[in-house]
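A.B. asks: My questions concern the predicted model and sequence given below.
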Amino acid sequence: MPYTTQAALIDRFGNEELLQLADRDGDGVIDTAVVDQAITDADAEIDGYLGAGGYTVPLDPVPTVIASLSADITRYRLYDDLAPDAVRTRYEDARRMLEAIAAGRVSLGANDTTGSAGSPEFEAPDRVFSQSTLEDF
């Protein structure tokens, strides 16, 4: 399940912008293969950060913050090397947020699926005394 969709990108950034970025044939139609590839690349980047942070990826259900970060990263990837400063800044902010989530400085809340990552583990020797050994005295 992708973290964002073409419809979500249109809702966030507008049909016109997505058309300008993903109309590779010049026929006035958004090339869904181009958009899907950018989404796949963005989601792989997100999974790379979160997986390294101990999260089980891909995330399901998708937390709202991850959907937003995926949209910003996808948009940046669609611009390729021609991203305006505002788009580049949002991408860099998204990467910093992913780093913070992976490091445990920011939680995904109820959707936090790190399992036991970052939890203390305890190890102890076998018990010396038990009910049966105490009865022998």
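C.D. replies: That came in fine, so what should we check first? Not measured: the values here are computed from a predicted model. Numbering: from 1, shown residues only.

A.B. asks: mind checking pLDDT for the closest residue to residue 109 other than its chain neighbours?
C.D. replies: Spatial nearest neighbour of residue 109, excluding adjacent residues (CB to CB, 6 or more residues apart in numbering): residue 63 at 7.0 Å. Quick note: C-beta positions are derived from backbone N, CA and C, even for glycine. pLDDT recorded at residue 63 is 95.

A.B. asks: Residue 107 is in contact with residue 63, correct?
C.D. replies: No - under the criterion of CB atoms under 8 Å, residue 63 is not in contact with residue 107, lying 9.8 Å apart.

A.B. asks: Please identify which of those two sits among more neighbours.
C.D. replies: Taking neighbours as other CB atoms under 10 Å, residue 63 and residue 107 compare with residue 63 leading, 18 against 13.

A.B. asks: Got the phi and psi for the more buried one?
C.D. replies: Dihedral pair for residue 63: phi -60, psi 150, per degrees, to the nearest 10.

A.B. asks: Look at residue 68 and tell me its secondary structure.
C.D. replies: helix (DSSP: H, G, I helix; E, B strand; the rest coil).

A.B. asks: With residue 14 as the reference, measure out to it.
C.D. replies: Computed as CB to CB, to the nearest Å, the residue 68 to residue 14 distance reads 16 Å.

A.B. asks: cool, and residue 75?
C.D. replies: 11 Å.

A.B. asks: Nearest to the spatial middle of the chain, which residue is it?
C.D. replies: Central residue of the chain (CA atoms, centre = their mean): residue 46, 3.7 Å from the mean position.

A.B. asks: Who are the contact partners of it?
C.D. replies: Applying CB atoms under 8 Å, 6 or more residues apart in numbering to residue 46 gives the contacts 3, 57, 66, 69, 70, 73, 98.
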